[in-house]
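Visitor: structure for this input, please:
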Amino acid sequence: MERINFHTHTRLCKHADGIPADYCREAVEQGVMVLGFSDHTPYPVARWSSVRMDIEQLPQYVEWIRQAQDEFPQLKIIMGMECEYDPEHMNFFMDELVGKWGCKYLIGAAHHYLSKGEWVGLYGRSMDDKLLWDYTDYLIEGISSGKFLFWAHPDVFGVCYKGWTSEADACSKAICEAAASAGIPLEINGYGLRKPMIEDSGEMRHLYPLRKFWDVAGEVGVKVVVCSDAHSPKDVWNNTDKCVEWAERVGLQVVNEELARHFDCT
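Guide: Predicted coordinates:
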């Protein structure tokens, strides 16, 4: 399997290191053939500004990537963005990020989700079954929108939902069935494998990926993308081979190369 990573950040998001050239240099060293940059999208309004670039920095992001494309001709470099599914700003994503600035793809993600019309964050709080279903409904709507190349870390609810219940099983199945129906791959995320493990119900586990979520995914049958979600240049491929192992364990098809062909990369 060729080393293809679509999920890479830069220091512009305020919680990562390095500029695109730094990641490209490491990508060449680590045998990566295709590198997609997908930093957290800026917003035209002040929303979550502490963990994403400011709108005024968007030209810098584009310039850095174009410079890297010139500097590293041996590496296929693609410009994208990682976006919360935000119905209010989908026109901005499509008209500005894709239309004006030339992003080739968007990744869907949920670091926040809509519950009763209000945005709820996943970090620093707990999640009950009702909120888990709100998260699930939000993911299903985003996945079904057809605007995203794939959906990042769908099991990130493990950050704030403890235990594994029949509700968690049902929500996981609903998310996976939506992805299978829409033909949208789900991501097994390497960044989660690099984070400290937590104790849950007397056992140690990753915040995400969640093994039981991917057990359900294996039963449903979904397409899978494996990505490093690099926030530091040294991690441009780190843990991604382990993500492949997670997919193989439950018999899921990894489609990184299939997606790369969409960009004429292979």
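
Visitor: can you confirm E82 is in a strand?
Guide: Yes: using DSSP: H, G, I helix; E, B strand; the rest coil, the assignment for E82 is a strand.

Visitor: what about it, how many residues nearby?
Guide: Applying other CB atoms under 10 Å, we find 23 other residues in the vicinity of E82. The way it works is simple: take the backbone N, C-alpha and C, and place the C-beta from them, glycine included.

Visitor: from the centre of this structure, point out the most distant residue.
Guide: G202 (28.7 Å; CA atoms, centre = their mean).

Visitor: how about low-confidence regions in the stretch 101-250 of the chain?
Guide: Along the stretch 101-250 of the chain, the model assigns pLDDT under 70 to no residue.

Visitor: can you show me the helices along it?
Guide: Using DSSP state H, counting those that start in this stretch, the helices found in the stretch 101-250 of the chain span residues 129-144, 166-182, 190-194, 211-220, 240-249.

Visitor: export the ones you listed to a markdown table and tack on mean neighbour count and distance to P87?
Guide: Supplementary listing: those in a markdown table, determined by neighbours: other CB atoms under 10 Å; distance: least, CB to CB, whole Å:
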| stretch | mean neighbour count | distance to P87 |
| --- | --- | --- |
| helix 129-144 | 19 | 8 |
| helix 166-182 | 19 | 16 |
| helix 190-194 | 22 | 26 |
| helix 211-220 | 19 | 25 |
| helix 240-249 | 18 | 30 |
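
Visitor: out of these, nearest to F93?
Guide: When the helices of the stretch 101-250 of the chain are ranked by distance to F93, counting by CB to CB, first place goes to helix 129-144 at 11.5 Å.

Visitor: the closest one to helix 166-182, inter-axis angle?
Guide: Interaxial angle of helix 129-144 relative to helix 166-182 (axes from the mean of the first three to the mean of the last three CA atoms, to 10 degrees): 10 degrees.

Visitor: just the C-alphas of helix 129-144, formatted as PDB.
Guide: The C-alpha coordinates for helix 129-144 follow below in PDB (Å, rounded to 0.1, in the frame of the first residue of the first chain):
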ATOM      1  CA  ASP A 129     -27.100   9.100  25.700                       C
ATOM      2  CA  LYS A 130     -29.300  12.000  24.600                       C
ATOM      3  CA  LEU A 131     -26.200  14.000  23.600                       C
ATOM      4  CA  LEU A 132     -24.700  11.000  21.900                       C
ATOM      5  CA  TRP A 133     -27.800  10.800  19.700                       C
ATOM      6  CA  ASP A 134     -27.600  14.500  18.900                       C
ATOM      7  CA  TYR A 135     -24.000  13.900  17.900                       C
ATOM      8  CA  THR A 136     -25.000  10.900  15.800                       C
ATOM      9  CA  ASP A 137     -27.800  12.900  14.000                       C
ATOM     10  CA  TYR A 138     -25.300  15.700  13.300                       C
ATOM     11  CA  LEU A 139     -22.800  13.200  11.800                       C
ATOM     12  CA  ILE A 140     -25.400  11.600   9.700                       C
ATOM     13  CA  GLU A 141     -26.600  14.900   8.300                       C
ATOM     14  CA  GLY A 142     -23.000  15.900   7.600                       C
ATOM     15  CA  ILE A 143     -22.100  12.600   6.000                       C
ATOM     16  CA  SER A 144     -25.200  12.700   3.900                       C
END
